[in-house]
Each structure stands twice: as C-alpha cells, then as structure tokens.
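A.B. asks: Fold the following for me, if possible:
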Amino acid sequence: MSGGFLRLVCTAAVAAQAVLVPVPALAAPDPQRPVAELLTDLQRLYRGTEQATEAYNAAEERLQRQRAEVTRLDDELARARRSLRTSRTDAGRLAREQYQNTTGISPYLRLLLARDPQHALDEGHLIGRLARQRAEAVGRLADDERRQTDLARKARRALDTQLTLAEGRQKQRDEVRARLSDVERMLAALTPAQLAAVADLERTDTAAAQRDLTASGALSATTPPPSLLGDRAVRYAVRQLGKPYQWGAAGPTSYDCSGLTSQAWGHAGTRIPRTSQEQWAHLPHVPLNRLRPGDLVVYFPEASHVALYLGDGKVVQAPRPGAKIKVSPIAANPILGAVRPDPTARPLARYSPPVIPRAATDGPDEGRGHSPAL
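C.D. replies: Residues are numbered from 1 along each chain as shown. Model (predicted):
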C-alpha cells in the first residue's frame, strides 16, 4: 500500500467545508465489494468535498470584500460626521455675526441717516457678504446632514450583509467538515487489502488516462516556452513542492488547489481570482494543444479542481487532503479545459525549466478532495 494513501487515511477527516451537491448514502462495509465500486464511492465523496471547499473559498472571498467595504464606509462616515460638525460650527458663527451687525432698519433709511454714507455702504456690503456666507454654510450643512444620513444607512446595510456572509461561511465550513467525516468513516471501514487495491486502481486509472490523452493528439508534441510571468508562476509553484494540502489555505505553509494557483500568479505579479470556478469563468480559455508552462488546467464539469501546467504533459498541484503539493500527469483528473492568466504576453526567447526533485511525483495524483482544515 502506498505511503501517500496511508497518510490520506490518517488525515482525511481533518479537512472540511461547504457543499454544493448531496452525497449519496454510504454502502455498508463489505470486504467482498469490488474495488472499482469502492473507488467510485470514494471519488463521489471527495468530489462533493471539492465542490464544498471551493464554495467555502468563494464565501471567504466575498466576506473579505464585504469587510473592506464596511471599513471604507465607516471611514467615510467618520469624515462626514467631522464635516457636519464643522458646517454646524460655521453656520452658527455666521448667524451670530450677522445678528450682531443687523440693526433692524432698512438699508435705504440707514444710508439717508448715516453721518458717513460711505461707511454705511461698506457696512451694508459686509452684512450682505455675511448673509451670503451664511446661506452657503446652511446649504453645506444640509448637504452634510443628508450625506451623513445616507452613509449611516449604507454602513448599517453593509454590516448586516457582512454578518449574513459570515453566517453562511460558517455553515459551509461545517458542511465540508461533515463531508470529510464521511470520507474518514469510509476509509476506516476498509480493510488494509481494500485500501491497497484502491490505491493500485487509482494509479492504473491515471496511467491509462494519460496514455489515452497523449495518443489522442490533444496535447502538443512540444511545449512552447512560457511568458516571463508564467515562468515566475511555475518557479513559485515548484518551490512549494512537498508542502501539505490544507483546505481553504493559500500559503505560505500550506495550500489548497486554487490557493496554490492564485498565489503562484500573485507572486508572479498578476492577480487572478481565488477559486477554481472563478479562474475558469473569468480567465481567457486556451486549447490544450497550445498549453505553455504557467497556464492553469481546470478539472471536472463544475470546475472544482485546478493545477498549474509545467510542460511535457505534467502539472504541479495540491491534490487533496492528506497529500502534499506534487507533480502529476495532466490527466490525473477529468479535464474541463485550460485558461491563461496572461494571454497577450509574449513567450520567452529562451527557457530553462526548473529542476523537479524525484520525490515530487510521489503520493496520490487525484484531486478529488481539495479541502484544507481550518
């Protein structure tokens, strides 16, 4: 039995999070059950956990954006309140000054009775200017009051939304944990012989899928060089080899699948979406026969897993709970397609791929359970 699969047995329940599809009931433990049937059940459980993890990651992203919006509105509201206090002070001061300079006599009579008509005219201009300033101050005061009221309403709504998102994220976290408990219960119910047989079947299926993909001509026979940023993303991902998978994690000590790809490109200098679904939905698609190092390979119909292309039919990925970041055949999981974060960037004139340690290919390849423990 592979050491990677045994580690999976010991750690699978540590990971857990949000779910999108219902999980079928587990069949009762049966030492005589066919290995393919056992593997199918395990794949189904892992896939549900994958979907839940990326849903959790999306909820976490929304929550972080909402927290930033709440902070922005709070800061803006504080500025509006300071401006309102200043406007009230200015309006009160100008009102007092105008009152002190007003006699109640019409400007025409004051001019006729004044000993110094020019002084009376100057005083009238002063009073008029104070009146205009007061009117402007009152206008600013009214605007500031309306703005403060509007911002206070927006801040309350934003905070309510934040609380709702936090509650939803907690439910998704609980759901992933429940999903991974199902995985743990199933693994615990298998005999050592069944575990070994499942691990062997996984390796056999992956090798067959890789041969079929290569024979189909879907991949180019030669790998074009990456762009400068693609090279940086590849080298960052390779430096993470051997670090543990952890659902919801985005480095620096552990990663889930989309945490690794988003951080690799972020460190290269290009910000991309956090989740595999958003990466598939928002990044430009590229045919498999035009893949170059740094491109992202997305898996499963619901885009619930993602890896970074290395070249020569291999990817670097964070496969699943209990596994470590490793190099895998590109066909280790059912391919949905590929995306390129920098579609307009030119390839490097010269490219030397990073050195890949031999141990980088050890462990399970399938990314059926990308969900880290919190």
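A.B. asks: Go ahead and flag the most central residue of this structure.
C.D. replies: R274 (3.1 Å; CA atoms, centre = their mean).
A.B. asks: surely it meets A59?
C.D. replies: No: look at R274 against A59 with CB atoms under 8 Å: they stay out of range, at 10.8 Å. (Each C-beta comes from the backbone N, C-alpha and C, glycine too.)
A.B. asks: Show me where the protein has its strands.
C.D. replies: Taking DSSP state E to define them, one finds strands in the chain at 285-286, 296-299, 305-311, 314-317, 326-329, 335-339.
A.B. asks: can I get those strands in a markdown table with mean neighbour count?
C.D. replies: Formatted as a markdown table, the strands of the chain follow (neighbours: other CB atoms under 10 Å):
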| stretch | mean neighbour count |
| --- | --- |
| strand 285-286 | 15 |
| strand 296-299 | 26 |
| strand 305-311 | 28 |
| strand 314-317 | 26 |
| strand 326-329 | 22 |
| strand 335-339 | 20 |
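A.B. asks: How much space separates the residue nearest to the centre of the chain from L163?
C.D. replies: Remark: distance between R274 and L163 (CB to CB, to the nearest Å) = 22 Å.
A.B. asks: residues in contact with Q240?
C.D. replies: Residues in contact with Q240, defined by CB atoms under 8 Å, 6 or more residues apart in numbering, are G251, Y255, L260, A264, V316, I325.
A.B. asks: Not counting sequence-adjacent ones, nearest residue to G313?
C.D. replies: I330 (5.1 Å; CB to CB, 6 or more residues apart in numbering).
A.B. asks: isn't that neighbour right up against L213?
C.D. replies: Yes: contact criterion CB under 8 Å: I330 and L213 qualify, at 6.9 Å.
A.B. asks: what about those two, which has more around it?
C.D. replies: Each of I330 and L213 has its neighbours counted (other CB atoms under 10 Å); I330 has more, 26 against 17.
A.B. asks: Enumerate every residue touching that one.
C.D. replies: Q210, L213, L219, V297, A307, Y309, G313, K314, V315.
A.B. asks: partners of the fifth one in the sheet?
C.D. replies: Read that as A307. Judged by DSSP bridges, the bridge partners of A307 are V297.
A.B. asks: give the contact list for it.
C.D. replies: Counted by CB under 8 Å, 6+ apart, A307 has contacts C257, T261, L296, V297, Y299, V315, V316, Q317, S328, I330, G367.
A.B. asks: From Q277, how far out is the residue nearest to G313?
C.D. replies: In terms of CB to CB, I330 sits 20 Å off from Q277.
A.B. asks: before we move on, what about L163?
C.D. replies: From L163 across to Q277, the span is 25 Å (CB to CB).
A.B. asks: Let me see the mean pLDDT of stretch 290-305.
C.D. replies: Mean pLDDT, computed over stretch 290-305, is 96.
A.B. asks: Kindly report the same for stretch 251-267.
C.D. replies: Rounded mean pLDDT across stretch 251-267 is 96.
A.B. asks: which residues of the stretch 51-200 of the chain score low on pLDDT?
C.D. replies: Applying pLDDT under 70 to the stretch 51-200 of the chain flags the ranges 84, 87-88, 90-144.
A.B. asks: just the helices in it please.
C.D. replies: Ranges of helices in the stretch 51-200 of the chain, per DSSP state H, counting those that start in this stretch, are 107-113, 117-189, 192-216.
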